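> build me a structure from this.
(chains A and B)
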There are 2 protein chains.
Amino acid sequence: MPRTTDVSSSPVRDLLALTSRPEVISFAGGLPAPELFDVDGLRAAFDRALSRRSLQYAPTEGDPDLRAHVATRMTGRGLPTTAADLLVTTGSQQALTLVVTALLEPGSVVAVEEPTYLAALQAFRLAGARIVPVAGDEHGMDPAALADVIAREQPELLYLVPTFANPTGRTLSAARRAEIAAIADRHDLWVVEDDPYSELRYRGDELPALASMSPKVLHLGSFSKIGAPGLRLGWLRAPAGLLRALVIVKQAADLHTSTIDQAAAAAYLDAHDLTAHVRSLRDAYRERRDAMIAALPTTVPDGTRWSDPDGGMFVWLTLPDGTDTADLLPEALARDVAYVPGAPFYATTPDRATMRLSFTTNTVGEIAEGMRRLATVMR
Amino acid sequence: MPRTTDVSSSPVRDLLALTSRPEVISFAGGLPAPELFDVDGLRAAFDRALSRRSLQYAPTEGDPDLRAHVATRMTGRGLPTTAADLLVTTGSQQALTLVVTALLEPGSVVAVEEPTYLAALQAFRLAGARIVPVAGDEHGMDPAALADVIAREQPELLYLVPTFANPTGRTLSAARRAEIAAIADRHDLWVVEDDPYSELRYRGDELPALASMSPKVLHLGSFSKIGAPGLRLGWLRAPAGLLRALVIVKQAADLHTSTIDQAAAAAYLDAHDLTAHVRSLRDAYRERRDAMIAALPTTVPDGTRWSDPDGGMFVWLTLPDGTDTADLLPEALARDVAYVPGAPFYATTPDRATMRLSFTTNTVGEIAEGMRRLATVMR
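Here you go, the predicted model:
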């Protein structure tokens, strides 16, 4: 197994296992709130969509109606897009792996924020890529640091979650977006803009997508956080030449994404105002975010720092020096509360005093109780 | 794009495009008959399965109920299997690509039948593997030829469709199965038994799965031909050590297969007798197979040879010397009938006088009319 020998375990899987006991209040998983799923709307959509046609093989590019709906929504949000620019994928995780397969080979260099989404790190490692971090701060990646890394390492790909990043919750500022897009153009560098969270904004104004600033930016979107992750529906927006290559890679990967799930999503978008549904998600998640942030001062030890995200799902904590959050986890689980230690999100040397809390999965009441439990462990 | 530069086009996609005009009677695609889908049963299954849980993220390995159902069916068909032996995949195409990712690297050698399934060839080429054909005849791969190839080429993997092969319709004999399993054991060679068709048997007795004879055989199954391909549901049976590695690769590929499609398939298997449904498919497809075989003598030129498959979806034809079936295709399409020229199914030098006809997609009446159209082109 040449390609898997350096992957001894799978952090996401191990983490999801933490959340399985029903008595645990889990801040670990990046799960949307199931009670906010539009179960009735989706049930009706599946019923309408189910037909001989939606049970048959289908084109690799994806359902034309679904691509048209997604293109219209993206254009409406400031990223001009046609159906022909889009490839439907089996979740945006697949979009990332298709890009990896098309653009990287063993020894290729990938530049990333650090910390960053750990399943992206796993995908880069499986491909045998070398991962190089680029320094940043609370406003996201530092363009000057990126320029240095490009000069020194000649990366084939830059991977970013520019808006409400996983795990930090940070957002790349508008000025830095323009600078990074210009750098990508100048150096002919492919950039992945992984964008599952940007519709979940709780305050402040929307920022332009990085992909609206450069044709070198591949934009990855998903229904997982605004619809339902169980449908495994994502999409990828790319220039025509690369999109053709990605369609060939997608065909080898799974021929096409579930015909019925795509048809149901298209039927849902025909009949429902997804933007209104997203507004209701925002209202609920904003309260949960605020509840978690409000509880933090009495939950964590003095000297702890945390992010104050404008959107998304995550708060990122850095405990006082010398703390290893992995050491505290067994005690937290013993008290029926879970979080994710920060180390797996690092490509290089981890800061073991970090940890990630998700505020979307639990109600305000559960967050209050979970934070009380966490306080008994941490303070 | 280092991994895609040698893949200039995608034969399966080009072929599917042939079938899109409604007036064409297509023998080209490997599509199951849509009028035989159990639309009402699947609609009810989706309705029962739809819930907050079936819309959420799920374990990478797959739905426990679905895996238990599949294991029971496989065990009942003579391949002892538990749910823990199985990984649910997004169609069996994904299972193949996961195996490729886990076991091959650029320069690895894959041994295959020739001709063989072209999307498998595409997956091996995308991985940068070198494909080596093993000689065979109407009883399938020749074990002595396999032993020679192993001695000469040291392949990492052997890929086989042992039962009702795509494109030839051929079935590996029981005696050769035992010999090939013994060779795999002796040489510690991984074997993929791609098995989407074996339940579609129209005459003769079932043969034991290759995987029942050696732990080196990975068995790939699918709902696409016995249920509905639009659900993209397949599975992979592998020994525990390799299965763990494949789960990691699967997680990077798409986290997991659609939760709702898996739950609906499990609900369908709870409520329906899939084996009885398969019996009705067999009865319909047997008539179609017989109709196509009966029409062949008056459709093709004298001197044409064809396979006489005991099951599956395909008849394989070899026209008299000097014919290139690709040259005849434009004329066939002009007369509103489609087939697949045989060349893309070859890993090495193609026999351009070959072609594939699928008999499952069309009714007996459509087959008769399509063969009449084909006769005007071929005779």
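> from here on, just use CA atoms for contacts and neighbour counts.
OK.
> report the angle between the helix or strand hosting A:R48 and helix B:39-49.
In this structure, A:R48 is located in helix A:39-49 according to DSSP states H and E. Put simply, helix A:39-49 runs at 170 degrees to helix B:39-49, going by axes from the mean of the first three to the mean of the last three CA atoms, to 10 degrees.
> near chain B, anything from helix A:39-49?
Yes - judged by CA under 8 Å from any CA of the partner chain, helix A:39-49 comes into contact with chain B through A:39, A:43, A:46-47.
> so which elements touch that helix?
With contacts taken as 3 or more CA pairs under 8 Å, 6 or more residues apart in numbering or on different chains; DSSP states H and E, helix A:39-49 sits against helix A:259-271, helix B:39-49.
> most packed of these?
Highest mean neighbour count among the helices and strands packed on helix A:39-49 (mean count of other CA atoms under 10 Å in any protein chain shown): helix A:259-271, with a mean of 23.
> how distant is that one from the center of its chain?
How far helix A:259-271 lies from its chain's middle: 22 Å, per CA atoms, centre = their mean, to the nearest Å.
> mind listing residues that contact that helix?
Contacts to helix A:259-271, defined as CA atoms under 8 Å, 6 or more residues apart in numbering or on different chains, come from residues A:41-42, A:44-50, A:54-58, A:62-63, A:65-66, A:69, A:231, A:233, B:230-232, B:261.
> repeat that for stretch A:302-320.
Residues from elsewhere that reach stretch A:302-320 (CA under 8 Å, 6+ apart): A:30, A:138, A:163-171, A:197-198, A:200-204, A:286, A:289, A:293, A:300-301, A:353-360.
> those residues, buried ones only, as a ChimeraX selection?
Listed next is the ChimeraX selection for buried residues among the contacts of stretch A:302-320, using 16 or more other CA atoms under 10 Å in any protein chain shown:
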select /A:30,163,164,165,166,167,168,169,170,171,197,198,200,201,202,286,289,293,300,353,354,355,356,357,358,359,360
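> take the contacts of stretch A:302-320 and keep only those in helices.
A:286, A:289, A:293 (DSSP state H).
> show the contacting residues for the last one.
What it means is A:I293. Going by CA under 8 Å, 6+ apart, A:I293 touches A:D308.
> contact residues of the stretch 51-200 of chain A facing chain B?
Counting by CA under 8 Å from any CA, the stretch 51-200 of chain A comes close to chain B at A:51-60, A:90-94, A:97, A:101-105, A:119-120, A:122-123, A:126.
> find the closest residue to chain B in the stretch 51-200 of chain A.
Residue nearest to chain B within the stretch 51-200 of chain A (CA to the nearest CA): A:L55, separated by 4.1 Å.
> then A:L236 would be within a helix, right?
No - read with DSSP: H, G, I helix; E, B strand; the rest coil, A:L236 is strand and lies in no helix.
> tell me, how many residues neighbour it?
26 (other CA atoms under 10 Å in any protein chain shown).
> that one pairs with what?
Residues in a beta bridge with A:L236, per DSSP bridges, are A:L87, A:L220.
> my read: it touches A:L218, true?
Yes - proximity of A:L236 to A:L218 meets the contact threshold set by CA atoms under 8 Å, at 7.0 Å.
> picking that back up, contacting residues for the residue of the stretch 51-200 of chain A closest to chain B?
Shown in contact with A:L55 (CA under 8 Å, 6+ apart): A:259-260, B:34, B:37, B:228-231.
> now those residues in TSV, with secondary structure and pLDDT?
Shown next, in TSV, are the contacts of A:L55 (DSSP: H, G, I helix; E, B strand; the rest coil; pLDDT from 0 to 100):
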residue	secondary structure	pLDDT
A:T259	helix	98
A:I260	helix	98
B:P34	helix	96
B:F37	coil	98
B:A228	coil	97
B:P229	helix	97
B:G230	helix	97
B:L231	helix	97
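> what is the nearest of those to A:D85?
Proximity of the contacts of A:L55 to A:D85 (CA to CA) peaks at A:T259, which lies at 19.3 Å.
> the helix holding A:R48: what's the following helix or strand?
Sequence-wise, the next helix or strand downstream of helix A:39-49 (DSSP H and E) is helix A:64-76.
> how's chain A carved up into domains?
Taking automatic domain parsing as the criterion, chain A consists of the domains A:11-37+A:276-378, A:39-272.
> deepest-packed of these, please.
domain A:39-272 (a mean of 21).
> who's the closest residue to A:P133 other than its chain neighbours bridged to?
Spatial nearest neighbour of A:P133, excluding adjacent residues (CA to CA, 6 or more residues apart in numbering or on different chains): A:V112 at 4.9 Å. A:V112 has these beta-bridge partners by DSSP bridges: A:P133, A:Y159.
> now do the contacts for A:V112.
Applying CA under 8 Å, 6+ apart to A:V112 gives the contacts A:131-134, A:158-160.
> A:D185 now?
If you count contacts by CA under 8 Å, 6+ apart, A:D185 has them with A:214-216.
> distance of it from A:A211?
In this structure, A:D185 and A:A211 are 11 Å apart, going by CA to CA, to the nearest Å.
> what is the mean pLDDT for the one helix or strand A:V110 maps to?
Using DSSP H and E, A:V110 maps to strand A:109-113. The average of the pLDDT scores along strand A:109-113 is 98.
> helix or strand right after that strand?
Going down the chain from strand A:109-113, the next helix or strand is helix A:118-126, by DSSP H and E.
> may I have that following helix as CSV, with CA atoms only?
Extracted in CSV, the C-alpha atoms of helix A:118-126 (Å, rounded to 0.1, in the frame of the first residue of the first chain):
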residue,chain,number,x,y,z
LEU,A,118,-7.7,18.3,8.7
ALA,A,119,-9.5,16.2,6.0
ALA,A,120,-7.8,18.5,3.4
LEU,A,121,-4.5,17.7,5.0
GLN,A,122,-5.3,14.0,4.9
ALA,A,123,-6.2,14.2,1.1
PHE,A,124,-2.9,16.0,0.4
ARG,A,125,-0.9,13.4,2.4
LEU,A,126,-2.6,10.5,0.7
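> for that helix, packing partners?
The contact analysis (3+ CA pairs under 8 Å, 6+ apart) places helix A:118-126 against helix A:11-18, helix A:91-103, strand A:130-134, helix B:240-254.
> quick one: which of these is nearest B:L329?
Across these, B:L329 has its closest neighbour in helix A:91-103 (31.9 Å, CA to CA).
> list the contacts of that closest one.
Counting by CA under 8 Å, 6+ apart, residues outside helix A:91-103 touching it are A:89, A:119-120, A:123-124, A:127, A:156-157, A:192, A:196, A:220-224, A:229, A:231-236, A:245-246, A:249-250, B:1-4, B:252-255.
> tell me the angle of that helix relative to helix B:240-254?
Using the same axes, to 10 degrees: helix A:91-103 against helix B:240-254 is 100 degrees.
> starting at the chain centroid, how far to helix A:91-103?
Its chain's C-alpha centre and that of helix A:91-103 lie 13 Å apart, by CA atoms, centre = their mean.
> what mean pLDDT does that helix get?
Averaged over helix A:91-103, pLDDT sits at 97.
> angle of that helix against helix A:118-126?
20 degrees.
> for chain A, which spans come out with low pLDDT?
Residues of chain A that meet the criterion pLDDT under 70 lie in A:1-19.
> residue at max distance from the center of it?
Largest separation from the mean C-alpha position in chain A: A:R52, at 33.9 Å (CA atoms, centre = their mean).
> just put the domains of chain A in JSON lines and tack on distance to B:H272.
Shown next, in JSON lines, are the domains of chain A (distance: least, CA to CA, whole Å):
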{"stretch": "domain A:11-37+A:276-378", "distance to B:H272": "29"}
{"stretch": "domain A:39-272", "distance to B:H272": "17"}
